[in-house]
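Enquirer: Sequence plus the predicted model coming up.
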Amino acid sequence: MRLTSLYLSKLWFLGAFGLYALIFFIPLPPQIIFKGVQVVDEIIIVVACLVIYYGLGKNHPAWKALILTLVLFLFTLPLLRIWETAESNYNLILGLLPWSDASGYYSDAISLLQGGLLNTFSGHRPLFASLLAVLLKLSSNNLQLTIVIITIINGMAVFLFANEIQESFGPIVSIGTILLSQLFYRHFTGALMTEQIGFPLGLIGISSLFYATRSKTKWLYATGLFFLAIGLFARAGAFFILPALLIVGIIIFKENDKFSGKNIILFIFPLLFAWSCNFALGQIVSSPGIVAMGNFSYTLYGQAVGGKGWTQVFSDHPEIAALADKERTQTVYRLAINEISRNPSGIATGVFKAWKDFFKPSMFAGFGYVQPGDKFSSLFIQPILTVLMLIGIFQCWKHRAQGIYLILIGSTCGILVSVPFIPPSESAFMRVYAATIMVPALIACIGILAILPAKTATHQPPSARPNNRILVQTIFGITLVLISTAGACILTIIPKDISYTPFNCPAGEIPVQIRLSRTSLIQINTNETWQPTYVPSVSARDFRQSMRRFPGIYHTFSDTLIKTITPPVILSFSRNMLTGEFYWVIANTELVSMNTKILRACGQTSEDNSSVLVIISTQ
């Protein structure tokens with residue numbers, strides 16, 4: 001009996017992942033959409049949250065397993081819907097293939113796998129593309145599995161964070177942060193974006209800071225600063241939160257009411273180490289001449305000329321587009337400083353506009369990610385959350401003698417100071433704030449406690465109860481960082497098992513050599529096969545519906561696919577190993593065996609879009 005209890009107490013998470021795996025084999029109930037609200041899924045989410053709320057704080061292994069399973073399910077549910085409908089949006093084509101910024105990170109990850117280096121796009125922030133390359137390598141180029149693993153990483157981080165919040169603030173605040181986390185993450189479900197690593201690292205960092213403060217553990221506070229800093233280097237955002245938390249840490253860990261020089265060094269070191277890791281990684285996996293965080297110069301210029309956006313510099317000075325990355329970055333910084341010196345009112349206008357956008361309800365507001373329906377959330381829910389956040393800030397100030405509240409005050413100051421430098425107008429659904437997004441959310445949930453009756457608020461003073469979760473959380477964070485850094489560096493030195501022997505094609509055709517994987521491409525079937533859509537298998541009807549719902553600015557591309565594709569075909573986004581170019585490859589299923597790993601073929605690009613390549617014959 002004791003042996004069974006021991007196994008349950010140590011291995012309950014295996015049972016949780018076993019339960020979680022089952023959701024991929026259970027059909028979802030039909031969806032009902034009312035005024036933009038996905039009614040069925042929202043009901044499922046509410047029920048799951050109620051069960052989680054009831055089980056929070058219960059130490060029985062069965063409850064822990066159930067809560068972990070439900071949290072992972074909450075983060076996977078939107079992905080399952082996307083695969084069920086083959087949705088296309090700003091980041092996805094047919095529910096799987098990357099688009100827009102996501103295609104840049106994916107293409108750089110594939111280049112790294114095939115012996116190349118990260119280009120300018122990912123080289124500015126190399127951590128996510130490096131993580132993606134390693135996961136693709138470990139999964140044998142299985143894009144679907146890689147996306148599931150990324151989803152699990154984010155769900156696991158939220159689970160650990162919610163447990164820390166439960167111990168510090170009680171179950172109401174904890175369940176509130178889970179729900180707001182899910183509302184934020186659903187906008188990036190399945191998308192290969194830097195938010196996928198910045199968000200979990202930020203959660204791990206903040207959670208570590210809370211536990212370190214409650215347990216009075218200086219080295220763990222330093223660890224929390226490291227995770228938060230590396231998360232911000234992965235998904236650049238509210239960087240001023242770092243000096244704010246550095247100051248807070250120095251205050252919290254005073255010795256005999258005096259500031260300790262050793263503590264100052266201890267807390268500065270992880271920030272420098274995080275910067276060093278990011279810089280060293282960039283030097284190893286990125287193409288020469290790329291400046292880390294160089295694209296911030298565009299944002300600074302846009303703010304300097306009155307908050308006109310990061311693309312404004314290319315309109316005002318189109319000549320910079322021809323410059324190399326390092327020279328272009330230096331030039332844009334110089335132009336921005338000149339604008340600030342020449343017309344200080346421009347930067348003042350940009351700063352005011354950024355703060356206004358942060359508080360004005362919209363998809364760009366501080367709670368802009370809360371979008372469960374058409375306009376309803378912007379006009380009603382977001383203002384309520386903003387008011388709750390203000391109440392929560394007041395509550396944190398009242399309890400500032402307790403370290404965790406001082407952390408929240410410092411974090412809020414750091415975020416607000418950062419807003420002018422990361423204008424919300426360039427951050428739909430607060431994506432740029434991913435690493436710190438849960439600070440305002442957590443404070444809003446604390447605000448809820450202030451307006452609830454004392455008997456239902458269940459607020460509890462922070463405790464320093466020891467547990468194994470912090471060890472799991474620290475190992476989890478270190479593993480994620482090591483995979484993204486050391487793992488990517490190893491990729492650059494291991495031998496590649498690919499032959500690049502050139503061959504000739506008839507005049508007008510392009511020789512291509514691409515890697516194919518059944519779970520990294522879309523198979524578009526005729527409607528007559530009666531095969532239901534579930535990515536990677538998509539019916540012709542759902543393919544056309546998805547492409548017609550594609551964002552209007554991309555219709556040049558979607559119209560080309562509709563015009564060019566005649567099912568049954570496969571569609572992939574692949575790198576031509578012979579030239580390094582990426583194409584949207586369309587191939588008749590009769591020409592391509594699904595057992596083929598490397599396809600050598602001749603193809604023609606579409607007259608309407610040169611990035612779309614139709615396979616004519618195979619070698």
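Expert: Yep, that arrived. Model, not experiment: these values are computed from the prediction.

Enquirer: Can you give me the neighbour number for residue 445?
Expert: 26 (other C-beta atoms under 10 Å). C-beta: built from backbone N, CA, C; applies to glycine.

Enquirer: same question but for residue 220, I mixed them up
Expert: When neighbours are counted by other C-beta under 10 Å, residue 220 registers 20.

Enquirer: what about it, which helix or strand?
Expert: Under the criterion DSSP states H and E, the helix or strand holding residue 220 is helix 218-234.

Enquirer: Now that helix: buried residues?
Expert: 218, 220-234 (16 or more other C-beta atoms under 10 Å).

Enquirer: Please apply the same query to stretch 102-120.
Expert: Neighbour-count burial for stretch 102-120, with 16+ other C-beta under 10 Å as criterion, is recorded at 102-113, 116-120.

Enquirer: cool, stretch 266-279 as well?
Expert: Buried, per 16+ other C-beta under 10 Å, within stretch 266-279: 266-268, 270-271, 274, 277-278.

Enquirer: How about stretch 412-423?
Expert: Applying 16+ other C-beta under 10 Å to stretch 412-423 flags 412-416, 418-423 as buried.

Enquirer: chain center to stretch 308-318, what's the gap?
Expert: 26 Å (C-alpha atoms, centre = their mean, to the nearest Å).

Enquirer: For residue 166, give me its contacts.
Expert: Residue 166 makes contact with 56-57, 173-174 under the criterion C-beta atoms under 8 Å, 6 or more residues apart in numbering.

Enquirer: Check the secondary structure at it for me.
Expert: With DSSP: H, G, I helix; E, B strand; the rest coil as the basis, residue 166 sits in helix.

Enquirer: excluding its backbone neighbours, what's nearest it?
Expert: residue 174 (3.9 Å; C-beta to C-beta, 6 or more residues apart in numbering).

Enquirer: in which helix or strand would I find the one you found?
Expert: Assigned by DSSP H and E, residue 174 falls in helix 171-185.

Enquirer: got the CA coordinates for whatever helix or strand comes next after that helix in PDB?
Expert: Sequence order places helix 195-215 as the next helix or strand after helix 171-185, per DSSP H and E. Provided in PDB are the C-alpha atoms of helix 195-215 (Å, rounded to 0.1, in the frame of the first residue of the first chain):
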ATOM      1  CA  GLU A 195       5.400  34.200 -28.300                       C
ATOM      2  CA  GLN A 196       5.600  30.400 -28.000                       C
ATOM      3  CA  ILE A 197       8.800  30.600 -26.000                       C
ATOM      4  CA  GLY A 198       8.600  34.100 -24.500                       C
ATOM      5  CA  PHE A 199       5.300  33.400 -22.800                       C
ATOM      6  CA  PRO A 200       6.300  30.200 -20.900                       C
ATOM      7  CA  LEU A 201       9.700  31.600 -19.900                       C
ATOM      8  CA  GLY A 202       8.100  34.700 -18.600                       C
ATOM      9  CA  LEU A 203       5.700  32.700 -16.500                       C
ATOM     10  CA  ILE A 204       8.500  30.500 -15.100                       C
ATOM     11  CA  GLY A 205      10.500  33.600 -14.300                       C
ATOM     12  CA  ILE A 206       7.700  35.400 -12.500                       C
ATOM     13  CA  SER A 207       6.700  32.300 -10.600                       C
ATOM     14  CA  SER A 208      10.300  31.800  -9.500                       C
ATOM     15  CA  LEU A 209      10.500  35.400  -8.200                       C
ATOM     16  CA  PHE A 210       7.300  34.800  -6.100                       C
ATOM     17  CA  TYR A 211       8.500  31.600  -4.600                       C
ATOM     18  CA  ALA A 212      12.000  33.100  -3.900                       C
ATOM     19  CA  THR A 213      10.400  36.000  -2.100                       C
ATOM     20  CA  ARG A 214       8.200  33.800   0.000                       C
ATOM     21  CA  SER A 215      11.000  31.400   0.900                       C
END
